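In: What follows is a predicted protein model with its sequence.
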Amino acid sequence: MMQTELATLVDRTDMLDLATFDSQKAVELCCLHLSEHDIETSVYDEGDLQKFVFLTKPAAHLKVQVREEDYAEAVTCLIEFEQQNPQMVPYIYSCPDCGSFGVEYPQFSRKFMTPLLLEWLSNLGLFPKQCYCRKCHSTWTKAHAATINPRHLEWNPDISVPPPA
């Protein structure tokens, strides 16, 4: 049986971000579901990064990670998890345009210092913080979905391809 690793500020470089969550309980249930399908998971919590670097209240801060070779199967399992646990849907972020689970909040890059200035300016209310899809580059206002993303109810082979890092 595969095991789940809970980590804070330890981003495993051998794993890809599968999905972004708001709830620790949803993450634990999702990881359990994935482990039942022999998919190894790791959880990365970027709540401290959001709180102390981006100076924002943590939201969409729990990232479930899987191995690249398991990504396509993990997406299928995650959609199955949504259908079996509709009460967890509000805590799982997905792009309203393409259905990808590769979502970041706030929309600023974590790779350079320059976006930090933009983030701090957004804290002053100069422009809104938004969710960002790493796959189609769409942005939208953070809101909790009440129902399963319609893109997850139809077959879309592109959703099983990992977004660029």
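Out: Arrived safely.
In: Quick test: name the residue nearest the centre of this protein.
Out: By Cα atoms, centre = their mean, the chain has its centre lying nearest to residue 20, at 1.8 Å.
In: Just list what the one helix or strand that one maps to packs against, helices and strands only.
Out: Applying DSSP states H and E as the criterion places residue 20 in strand 15-21. Contacts of strand 15-21 with other secondary structure elements, assessed using 3 or more Cβ pairs under 8 Å, 6 or more residues apart in numbering; DSSP states H and E, are made with helix 24-36, strand 41-45, strand 62-67, helix 71-84, strand 92-93, strand 103-104. Heads up, the C-betas are built off the backbone N, CA and C, glycines and all.
In: mind putting these in CSV, distance to residue 130, mean neighbour count and mean pLDDT included?
Out: Converted to CSV, these look like this (distance: least, Cβ to Cβ, whole Å; neighbours: other Cβ atoms under 10 Å; pLDDT from 0 to 100):
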stretch, distance to residue 130, mean neighbour count, mean pLDDT
helix 24-36, 21, 18, 96
strand 41-45, 21, 22, 92
strand 62-67, 18, 23, 94
helix 71-84, 22, 18, 94
strand 92-93, 12, 26, 92
strand 103-104, 10, 23, 86
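In: Output those in JSON lines; the columns should cover distance to residue 149.
Out: Conversion of the helices and strands packed on strand 15-21 to JSON lines gives the following (distance: least, Cβ to Cβ, whole Å):
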{"stretch": "helix 24-36", "distance to residue 149": "15"}
{"stretch": "strand 41-45", "distance to residue 149": "21"}
{"stretch": "strand 62-67", "distance to residue 149": "16"}
{"stretch": "helix 71-84", "distance to residue 149": "8"}
{"stretch": "strand 92-93", "distance to residue 149": "9"}
{"stretch": "strand 103-104", "distance to residue 149": "11"}
